[in-house]
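S.K.: Sequence plus the predicted model coming up.
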Amino acid sequence: PNTNLVAVGFKNGEIKLYDWQSKTEGDSLIVTQKNLCQDNPDKPEDTKPYDSDRVYDLVFSEDGQFLYSAHGSGRILKWDLTKGNNSVICLQGIQNNTVTAITLVEQNGKSFLVAGGRRNHLELLDINKKNDEPVQTLLPVMNPTIPVRSYDHIVTVDSPAEWPSIVVAGNDQGTITLLDINNCSSTNCPKESWQQAHGETAVRSVSFSEDGCYLSSAGDDGQVKLWPMNDLNNIEENNNAIKQDYILRQSRRRFSWHPFQLRPVNTVDLLKTSKKLFIVSGGKDQQLRRQHKSISDLNKYFSDHNCQSPQ
């Protein structure tokens, strides 16, 4: 936001910045302090945990001055893009745990970062905290009724711009969960979950419209779905904020021996204007698709859709 920069993360832990207008490559962000985020920075440097520290997710601050990166080692880094020289601090993310998805949120007017990772951990981090301050746990288990395995992951998280206290998370067991972090207790948060949102396959990407009225999702079942949102002011189990889904796209193996086999869709983004919804998605078929739907037509299809404004 407010800049021409695009940040790209790689499996080797490097982050590159590109100017999309001039089409030039900018600075590369590389952590030279191998012991950054270690419990005891004075102990001998141990490079093994952070070699090829894969970048799983990136998010800019609203003013574009800071970039947050989530890594396979569990590190969450805050880059100050105004200072250069790879100015970076450690937010001490999910300890000894892969961080696969992050998003910026607000809790009672204060900015936080939501981080999701292995074992379905979802945590709330103070972006201005010091390294010696404890991490506040937002929701340790996505779905307590199902045993959590070490290889279960939250894959994607998002928050609508006009509802910064609302978080949506998707995991690789096929569950989509809504949470209201403004009303969290010390042990739990109000939530609503939909199991098998993409059948029994992983949910790879979720994206809210800015007003929170629509949610899009993409998964390993090859489908891109649109979910109309109802009252986000009162999220609770079985509140039925989402009543039905609308399949926007099915990615199939065209011109192959298995033309009806679905191919995973890895990412989706959603933009709402006054009259239309624009949905962009991409996946294993190496195709980037843009679709658009008329708001008036969707209102007719979702006859009971009643999107509430934030309180």
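M.R.: Everything's here; your move.
S.K.: For N234, grab phi and psi.
M.R.: With angles defined as degrees, to the nearest 10, N234 sits at phi -130, psi 70.
S.K.: measure it to S159 for me?
M.R.: Remark: distance between N234 and S159 (Cβ to Cβ, to the nearest Å) = 17 Å. Using the backbone N, CA and C atoms, a C-beta is placed for each residue, glycine as well.
S.K.: what does D297 give?
M.R.: When distance is defined by Cβ to Cβ, D297 is 27 Å away from S159.
S.K.: Comparing the two, which residue is more hemmed in?
M.R.: The residue with more neighbours, out of D297 and S159 and counting by other Cβ atoms under 10 Å, is S159; that gives 20 against 11.
S.K.: For A115, which residues are in contact?
M.R.: Contacts of A115 were listed using Cβ atoms under 8 Å, 6 or more residues apart in numbering, and they are A70, I76, G93, I94, V99, A101, I102, H121, L122, E123, L125.
S.K.: Now the last one: closest residue in space that isn't a chain neighbour?
M.R.: Right, the one you point to is L125. L113 (4.5 Å; Cβ to Cβ, 6 or more residues apart in numbering).
S.K.: Okay, and the beta partners of that neighbour?
M.R.: Beta-bridge partners of L113, counted by DSSP bridges, are L104, L125.
S.K.: Just name the closest of the contacts of A115 to T175, please.
M.R.: Lowest distance from T175 to the contacts of A115 (Cβ to Cβ) belongs to L122, with 11.8 Å.
S.K.: Could you check how many residues crowd around P160?
M.R.: Other residues close to P160 by other Cβ under 10 Å number 25.
S.K.: Please report phi then psi for it.
M.R.: phi -70, psi 140.
S.K.: ok, the most centrally placed residue in the chain to A115 distance?
M.R.: Relative to the mean C-alpha position of the chain, the nearest C-alpha, by Cα atoms, centre = their mean, is the one of V157, at 2.6 Å. Taking Cβ to Cβ as the measure, V157 falls 8 Å from A115.
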